[in-house]
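how would this look folded up:
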Amino acid sequence: MEAPNVPPAAQIRFRAYSRTRWSDEDNQGVLNNAVYLTLLEEARHQYCLELGLIGVQNQFTFVLGQTNLRHLTPGHGPADVEIQIATVHLGARSFHQVYRLGPPGGSIVWAEAEAVLVIWDRENGGSAVMPDFFRKKIADFEGF
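I've put the predicted structure just below:
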């Protein structure tokens, strides 16, 4: 598997913030791998709130299709976390995001990741074409 292709920090416009708990560590004294996925989800939520992409009843209009996560340095808890997040591709029914996680400031990187998010039609239980307003908001923010 290839490492996530995350651009340099200077090219990523959005920063989300969270905090790990002491209970997020496993018996090796490092963040449990599932915690990283939760941090990515929290970052997506902050990004979508900022861009006005959260749907009715505070719900995402997409589902996670795939995630590729590469651990670089063990993370710990409790700690403040900065998650750099950018949308790097808009498809017809999906979009791709990249992430970099670690303590605020970016001098230490715990992990890098990429994800494919699929626009989802709850009524039909399948993928859907990306709405124009959704595409425009991301494209305008990311400078596509």
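
make it CA atoms for all contacts and neighbour counts henceforth
Noted.

any idea where the helices of this protein begin and end?
33-51, 132-142 (DSSP state H).

make TSV out of those and add mean neighbour count, mean pLDDT and distance to Gly77.
Converted to TSV, the helices of the chain look like this (neighbours: other Cα atoms under 10 Å; pLDDT from 0 to 100; distance: least, Cα to Cα, whole Å):
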stretch	mean neighbour count	mean pLDDT	distance to Gly77
helix 33-51	17	96	10
helix 132-142	14	96	31
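
want to try JSON lines for these, with distance to Tyr99 as columns?
Listed next are those as JSON lines, based on distance: least, Cα to Cα, whole Å:
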{"stretch": "helix 33-51", "distance to Tyr99": "7"}
{"stretch": "helix 132-142", "distance to Tyr99": "14"}
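
go ahead and confirm Met103 touches Glu82.
Slight slip there: residue 103 is Pro, not Met. Yes: under the criterion of Cα atoms under 8 Å, Pro103 makes contact with Glu82 at 5.6 Å.

if you count what's nearby, which of the two comes out ahead?
Glu82 (22 against 19; other Cα atoms under 10 Å).

tell me the pLDDT at that one?
The per-residue pLDDT reported for Glu82 equals 98.

my read: it touches Ala16, true?
Yes: between Glu82 and Ala16 there is a contact at 5.9 Å, judged by Cα under 8 Å.

identify the bridge partners of Gln97.
Thr87, Ala115 (DSSP bridges).

quick one on the thing from earlier: quick one, which of the helices of the chain is nearest to Pro7?
With respect to Pro7, and counting by Cα to Cα, the nearest of these is helix 132-142 at 12.9 Å.

just want the angle from that closest one to helix 33-51.
With axes from the mean of the first three to the mean of the last three Cα atoms, to 10 degrees applied, the angle from helix 132-142 to helix 33-51 works out at 100 degrees.
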